[in-house]
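> Take this sequence and fold it.
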Amino acid sequence: MSVFEERLQKIQSRIPSEVMLIAVTKTFASAVVREAYAAGIRDFGENKIQEALEKQEKLRDLTGVTWHFIGHLQSNKTRKALNHFDWIHSVDSLKLVQRLDRQAAELGKCPNCCLQVKLAPDDNKSGFEVDELMVSLAAIAQLQHLNIRGLMVIAPYGLPAADTQLIFERGRQLITKINDQLAKLAGVTLQLDQLSMGMSGDFELAIAQGATMVRLGSGLFGQR
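Below is the predicted model of the structure:
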């Protein structure tokens, strides 16, 4: 058994079967993706469009792969994201989600999307402020070419476990609040069912608070 397979086995024993494990392969070579694929991983997360496209080209022979974009998405890269990713987790503004919707219509795409929300001050991360997101819900619910599935939450680095857990708890509470508000909008059927939160250092805290997708890089592949 390889070092990677040993890590994967230990990680999988700590993740319920209903929670999706996304292997974050940013900065790792395509050969690493192949090893993970051979071990049964099918969901891969990338942070940068160009790096991902180069990797995908080398891995065209792999079937059944689901690609997740989890990094900050620049407006000039939205078409490439729509063409090359099945999931876009990091939709962080009303302007961006509306742009994606327009372009998805033009391209004939309907990707799964998560709305990235900022639940604690963090200069290194973007995302909807909670009040901003709540005000934007009516407009988001009218979009026709995106499959809005849930929220993406990233806890700031270096927080004590109790504070990180509180942020994840807020994520769980927020998705309930959003669904309650959506249910009150006339003619709206949108409901969110996915909570993308938790990384290598805190995924168990996230799962305890209802995460349905966790994004693991170093925990699977070692330090970059």
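
> ok, residue 138 touching residue 186?
No. The criterion here is CB atoms under 8 Å, and residue 138 misses it with residue 186 at 9.9 Å. C-beta: built from backbone N, CA, C; applies to glycine.

> out of the two, which sits in the more crowded spot?
residue 138 (13 against 5; other CB atoms under 10 Å).

> which ones are touching that one?
Shown in contact with residue 138 (CB atoms under 8 Å, 6 or more residues apart in numbering): residue 185.

> May I ask which helix or strand encompasses it?
If you go by DSSP states H and E, residue 138 is part of helix 130-141.

> Return the set of buried residues in that helix.
Judged by neighbour count using 16 or more other CB atoms under 10 Å, the buried positions of helix 130-141 are 133, 136-137, 140-141.

> cool, stretch 12-24 as well?
By neighbour count on 16+ other CB under 10 Å, the buried set for stretch 12-24 is 15, 19-24.

> That one spans what distance, first to last residue?
15 Å (CA to CA, to the nearest Å).

> any idea which of the buried residues of helix 130-141 is the one closest to residue 198?
Within these, the smallest distance to residue 198 is 19.9 Å, found for residue 133 (CB to CB).

> in the chain, what spans have low per-residue confidence?
Within the chain, no range satisfies pLDDT under 70.

> where exactly do the helices run in it?
Assigned by DSSP state H, the helices in the chain fall at 3-12, 30-38, 49-58, 78-84, 94-107, 130-141, 161-183, 203-208, 218-221.

> which residues touch stretch 84-99?
45-46, 49, 52-53, 56, 66-73, 75, 78, 81-82, 100, 111-116, 126-128, 132, 136, 139-140, 143, 146, 148-149, 152, 196, 213, 215.

> Which of these fall within strands?
Using DSSP state E, the members of those that fall in strands are 45-46, 66-69, 112-116, 148-149, 152, 196, 213, 215.

> Can you say which of these are buried?
Counted by 16+ other CB under 10 Å, the ones in strands among the contacts of stretch 84-99 give 45-46, 67-69, 112-116, 148-149, 152, 196, 213, 215 as buried.

> Good, we can wrap up now.
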